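In: What follows is a predicted structure for the sequence shown.
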Amino acid sequence: MPAKKTKKTAKKKTAKKTAKKVVAQKVSKNMTLSEVVSKYPATIDVFLSHGMGCFGCGVAQFETIAQGAQAHGINLKRLLEDLNKAVNKK
C-alpha cells in the first residue's frame with residue numbers, strides 16, 4: 001500500500017518547485033539604463049530584443065528601466081525577468 005501524502009510532504013514539494021523558479025533580482029525597475037548596461041554587459045542583447053536600443057544615448061544616464069519601458073510601450077515585468085535571467089546566467 002503506498003504511503004499517504006501528508007500536508008507537510010505536499011508543502012515541501014511545492015516549496016522545492018517554487019524555489020527553482022526564483023531568480024535573484026539584481027536588476028530593478030529603478031536602475032538607470034546605463035547603470036545596468038555598464039554593470040551587466042550581458043543585458044545589452046536583452047534590451048535590443050525588447051526594442052530598446054537607447055542604452056547608448058544621453059537619456060540612458062538618467063532614465064530608469066521603468067521609464068524607458070513605458071516610453072517604448074514595453075512590458076516592464078517581462079523585461080525585468082529577461083534582464084535578471086541574463087545577469088544570473090553563468
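Out: Yep, it's here.
In: Now the phi/psi pair for T32, please.
Out: Main-chain torsions, T32, degrees, to the nearest 10: phi -80, psi 160.
In: That one: neighbour count?
Out: Per other CB atoms under 10 Å, the neighbour tally for T32 reads 18. C-beta coordinates here come from the backbone N, C-alpha and C atoms, glycine included.
In: In space, what's closest to it - neighbours in sequence excluded?
Out: T64 (5.8 Å; CB to CB, 6 or more residues apart in numbering).
In: Give me the pLDDT value at the one you found.
Out: On the pLDDT scale, T64 is placed at 94.
In: Near it, how many other residues are there?
Out: 17.
In: Contacts only, for it.
Out: 29-33 (CB atoms under 8 Å, 6 or more residues apart in numbering).
In: Of these - the most surrounded one?
Out: L33 (24 neighbours).
In: and the gap between that residue and K85?
Out: Distance of L33 to K85, computed by CB to CB, to the nearest Å: 18 Å.
In: S49 now?
Out: Distance from S49 to K85, by CB to CB: 12 Å.
In: So for the two, which residue has more residues nearby?
Out: Remark: of S49 and K85, K85 carries more neighbours, 14 against 11, as counted by other CB under 10 Å.
In: For the closest residue to L76 other than its chain neighbours, report the pLDDT, please.
Out: Closest residue to L76 apart from its sequence neighbours, by CB to CB, 6+ apart: A69 at 4.4 Å. For A69, the pLDDT comes out at 94.
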